[in-house]
Structure formats: structure tokens, C-alpha cells
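K.L.:
Give me coordinates for this.
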Amino acid sequence: MKRVFMFVVLGALCINSYAQSASAKVTETKSPFLIEKGNISIKFGGFVRFVTFADFGGVVPSYDFVSSTMASQSEWDKQSRLSMDASGTRLHLKVIQKTELLGDIEYYIESDFRGAVDVFRLRHAYISFKGLIMGQWWSFMTDFQANAQTIDVQGVNSRTFFRTPLIGYNKKLSEKTSFGISLEFPKSKITTPTGIRVVNQRFPDVPLFLMFKGKSAHLKITGLFRAMDYGVNSTSEIETKIGAGAQLSGSVKMGENFTLFSQGIYGKGVARYINDLAALNLDLAPDAATGSLQALPMYSISLGARANFNKSLYASANFSIAGLANKTDYYSANEYHKGNYLSASLFWTGVKNFTLAGEYIHGYRLNMNETHSSANRLQVMVMYSW
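P.N.:
Take a look at the predicted model:
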């Protein structure tokens, strides 16, 4: 990854040097990080992001506030902490080439420092043209427009938030309507009892959506189909369980300065697509009645709002719930049942490219045996983007 980092940085320096030496030939642009020559444009961008936060009344053991992973209230030594983080800093390179045969071909690479122990890692890498996208990008279940902004990168516990290798296709059906479908890299997190093992997956996840978008509102309807494999030691055979889900998400602008957001997901075996549940091995779980595995029914729902006070100051708030639909005997007493996430944030953007923000988050976890835990976080973010 160090070589990749050096390549991106050196490439950017070379690009900037070339832009200066060729100023007589290249038209000047507003951004020093944008170069346009002939049928190609190259943009180097990113941001520096620093966050300091304090957890109290309970701790979430990561930079992202994932309610399902919070410490138990009985862990007296894990009830508070202070941390600082700059690993969310990002670099990206975007190249667009205009062609007669394929139209605009877009090449995009993005990295940050949020790998293991803050290692530089690949975040996005794709090629896109004629509605096709091939590479690593956001799952087609993702709908960023359906959640109010947070400092917390992961965001509300009910949303879909992950990147994956995929082959996808988007098509605009009309001025306000679009359609998309993708074949996404299959990855299942499974709780394996004795006699069951994790195996390689053979079938891609298939999300497809229909989206309606107007000037003041949008609505996205998404369906998901999964076929998840696991191995049975006693028979040396691979078994398959079907997972499926549906998502309804959207936003509506209520006047010039106020916007509402909402998102809901329901399905079986779709834990990967729900923030809180994705942190646990819940795509498939043990079925005590058969000694095999089953796809559990699960759900998530969120409601958010944003209020603009002026051009440079706005506030946002979110409340969300995610959990398993049923309590049955295949779960042990101290296992996760459901969780809540509440956030309130304030953002100031009074200086170009500069953002200062503060945020409070409260999380709650309820287990199968009614034991529970909670955690709180106060955090401040400073970010400069280019």
C-alpha cells in the first residue's frame, strides 16, 4: 500500500508540475488540481479530516459508532475514553476521457487511511461508461440521500454502508426516473455451530432499484436476492440458503430550509446490508430444531432531518432502530436482539473548503435476555477539502 500511496502522490505532483510547465497550452481552470487537455480531464482531490471524540456512559470500540459492538455495562473498565483520529483523510484521482464510441469513460481511484492500524487502503476503484460500472464501488442498496449528515462516517445503525466489487448498470428511464441492477461480490457472515463450516460463495448478491427524483424529493425502491452457501462436515456437502429483502428510502424538502429523510429495510438473511447487523455474524445463524442454519428475519428503520439556518450553518438529527424480528431458542441469552442510534449535529462551512462540526451520539443495545447497554459520544471535526 505504501507503493500505491507514493504512486498517487508522485502522480499528483507530476500532474501539477506538468500543468505549470504547459500553462501556455492548457486553459487555466479555477482549481489548481484540475487539468483539461484535448478529450481528457484529470482531477486530483480529497480532504484532510481530523476528529476528536470522548465516549462516556459506555464505550464503542472503534472510530465508527456501531451500537451492536458497544461494551457491556458490566465491564467497569470500558465505560469512558478519549480518542483522536485523522484516518478518515482521503485522496482520489478522477480521469474522464471523451470518446465517440463509448461516450465519456470515467476512471476513479480513492483511498484513505482506515485499514487495519490506520494503514493506507483502497476505498474505490472503478471504470464506468454507458451506464456500466465495473470495479469497487458502493453497493446498489446504498442511498446516501435518505439519511441526514453525520460526522460519524458509518452513520445511523439502520442504513446500508459498504463498498464491494461489482458489475452494475444504471439507466435513466425518463427525466425523473432511473433503474439499476448489479452483480455484487458475495460475502456472508455466518454463525457456525459444531459440524458447520464457512465455504467459498458461488452466487453473486443481486440488488436492483427503481428511483424517482424530482426537484424537492426522491424515492428509491430496492429489492435484493442472495444465495448463501455453507458446508456440512458430516456429509461433505455444500448447502444453500436463500436470502431476500426490500428497502424503501427517500427524502423530501419542506420549504427552502428544512428536509426530512427516511429509510426502511426488511428481509431474511440481509444482515450484511444493515449497519448494526453487518458487524455481527448474522446472515445465517444456527437453527436448534434442525442442527442446520437459517436466514433470520430482520429489519431497520430511520428518520432524519436537516435545518439550514443560513448559507454557512446547518443542523441535522437522526433516529434509527435495527434488529432481529423474532426471539427464538436458537439464540443464546446474551446475544444481540436490537439497537437504537440517536445523533444531533451542527455544521459550519463559513470558509471555502473548510468545515467545522460538532456532534452528540447516543446508542443503545438490547440483548435476547433483556439485558442492555448504552454509550454516548461527543465529537468535534475539522476538515479541509480540495
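K.L.:
other SSEs contacting the helix or strand harbouring residue 374?
P.N.:
Counting by DSSP states H and E, the element that carries residue 374 is strand 372-385. Identification of packing neighbours for strand 372-385 by 3 or more C-beta pairs under 8 Å, 6 or more residues apart in numbering; DSSP states H and E yields strand 40-56, strand 354-367. Placement of C-beta: from N, CA and C, glycine included.
K.L.:
Look up the pLDDT of residue 37 for me, please.
P.N.:
We have a pLDDT of 89 for residue 37.
K.L.:
Next up, phi/psi of it, please.
P.N.:
Torsion angles at residue 37 (phi, psi; degrees, to the nearest 10) stand at phi -150, psi 120.
K.L.:
ok, what's across the strand from it?
P.N.:
Per DSSP bridges, the residues bridged to residue 37 are residue 40.
K.L.:
distance of it from residue 345?
P.N.:
Look at residue 37 and residue 345: by C-beta to C-beta, to the nearest Å, they are 41 Å apart.
K.L.:
Likewise for residue 86?
P.N.:
Here residue 86 is placed at a distance of 19 Å from residue 345 (C-beta to C-beta).
K.L.:
out of the two, which sits in the busier spot?
P.N.:
Neighbour totals were compared for residue 86 and residue 345, and residue 345 leads with 22 against 13 (other C-beta atoms under 10 Å).
K.L.:
Surely the more buried one touches residue 356?
P.N.:
No: at 11.6 Å, residue 345 does not count as touching residue 356 under the criterion of C-beta atoms under 8 Å.
K.L.:
Buried residues, stretch 86-105. List them.
P.N.:
In terms of neighbour count (16 or more other C-beta atoms under 10 Å), stretch 86-105 has its buried residues at 87-93, 95-97, 105.
K.L.:
Actually, stretch 280-297.
P.N.:
Residues 280, 282-287, 292-296 are the ones in stretch 280-297 that count as buried (16+ other C-beta under 10 Å).
K.L.:
any idea of the mean pLDDT for stretch 46-56?
P.N.:
Averaged across stretch 46-56, pLDDT comes to 97.
K.L.:
which residues sit against it?
P.N.:
If you take C-beta atoms under 8 Å, 6 or more residues apart in numbering as the criterion, stretch 46-56 is touched by 63, 79-86, 88-92, 110, 151, 375-386.
K.L.:
Render the CA-only coordinates of it in CSV, please.
P.N.:
Output of stretch 46-56 as CSV, limited to C-alpha atoms (Å, rounded to 0.1, in the frame of the first residue of the first chain):
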residue,chain,number,x,y,z
GLY,A,46,-9.6,14.7,-1.4
PHE,A,47,-9.7,16.1,2.1
VAL,A,48,-7.8,16.2,5.4
ARG,A,49,-10.2,15.2,8.2
PHE,A,50,-9.5,15.3,12.0
VAL,A,51,-11.9,14.2,14.7
THR,A,52,-11.5,14.2,18.4
PHE,A,53,-14.1,12.4,20.5
ALA,A,54,-15.0,11.3,24.0
ASP,A,55,-17.1,8.3,24.9
PHE,A,56,-18.9,8.2,28.3
